[in-house]
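Student: what follows is a protein structure lacking sequence information:
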């Protein structure tokens, strides 16, 4: 799964990797993004801009807003089957901007956190889905979820799943406004090459979502 991630790059660094959008100058580094918080997305509804959606998908048909906290991830293998995800998979896709993510493994009866990123240290995009939900007063809330897949050789050392990181050449297909064949989209939802990633253990400081600074990603001595 993916339960925490980072987007620490300055706006000008993000702009280089996502040149077709205008990156908001007020974007601040985030070192410990947690579920139900706002995350930076590029949605296929308006792929020329960065928006901020709540992390945790709330299907348009539900009356229970708390479901979002349980739908922070969507398994790539069952997207087309699950009622919560199948319509968004067909029509409402997005990029969720990041430059690293966290995972935990049990070591000596304690959970050890790890920070995982690209060797290039460049920002990247998770494959995501989005939804629009309205309350009884008609107030709209945009939410999103991160798609996960089987872990690659690196991440599998600590966890069986990992978020889908899309290759830049696949952004345009994922952000298409047209309804695409399931097979065409599913071929993008594969583990990112392990040889292009790196990870290191970090302190339990990151466990507290209120901690949101560079100490979160600092390697253990």
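Tutor: Arrived safely. If you're wondering where the values come from, they're calculated on a predicted model, not measured in any experiment.
Student: what is the neighbour count of residue 91?
Tutor: Using other C-beta atoms under 10 Å, the number of residues around residue 91 comes to 16. (Glycine included, C-beta is placed from N, CA and C.)
Student: go ahead and confirm it touches residue 179.
Tutor: Yes. Under the criterion of C-beta atoms under 8 Å, residue 91 makes contact with residue 179 at 5.7 Å.
Student: how about the contacts made by residue 155?
Tutor: Residue 155 sits next to 103, 116, 162, 191, 194, 197, 199 when contact means C-beta atoms under 8 Å, 6 or more residues apart in numbering.
Student: and it, backbone torsions?
Tutor: Backbone geometry at residue 155, expressed as degrees, to the nearest 10, gives phi -70, psi -30.
Student: surely residue 143 touches residue 129?
Tutor: No. If you go by C-beta under 8 Å, residue 143 and residue 129 don't touch, sitting 9.4 Å apart.
Student: restricted to buried residues, select the contacts of residue 155 in ChimeraX.
Tutor: If you want just the buried ones from these in ChimeraX, going by 16 or more other C-beta atoms under 10 Å, the selection is:
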select :103,116,162,191,194,197,199
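Student: out of the contacts of residue 155, which is nearest to residue 7?
Tutor: Distance to residue 7, by C-beta to C-beta, is smallest for residue 116 among these, at 14.0 Å.
Student: what residues sit buried inside whichever strand or helix holds that closest one?
Tutor: Assigned by DSSP states H and E, residue 116 falls within strand 110-118. Using 16+ other C-beta under 10 Å as the burial criterion, the residues of strand 110-118 that qualify are 112-118.
Student: averaged pLDDT, that strand. What do you get?
Tutor: Regarding strand 110-118, the rounded mean pLDDT is 96.
Student: what of stretch 169-188?
Tutor: Stretch 169-188 comes out at a mean pLDDT of 92.
Student: now do that stretch: distance to the chain's middle.
Tutor: 17 Å (C-alpha atoms, centre = their mean, to the nearest Å).
Student: kindly report the same for stretch 88-97.
Tutor: Worked out by C-alpha atoms, centre = their mean, stretch 88-97 lies 11 Å from the chain centre.
Student: quick one on the thing from earlier: so what does the following helix or strand past the strand holding residue 116 touch, helix or strand wise?
Tutor: Moving toward the C-terminus from strand 110-118, the next helix or strand (DSSP H and E) is strand 124-134. The contact analysis (3 or more C-beta pairs under 8 Å, 6 or more residues apart in numbering; DSSP states H and E) places strand 124-134 against strand 38-43, helix 86-91, strand 93-98, strand 140-150.
Student: pick the most deeply packed of these.
Tutor: strand 93-98 (a mean of 26; mean count of other C-beta atoms under 10 Å).
Student: outside of that strand, which residues touch it?
Tutor: So strand 93-98 is contacted by 5-7, 14, 18, 39-44, 50, 53, 123-130, 144, 146, 166, 171, 174-176, 185 (C-beta under 8 Å, 6+ apart).
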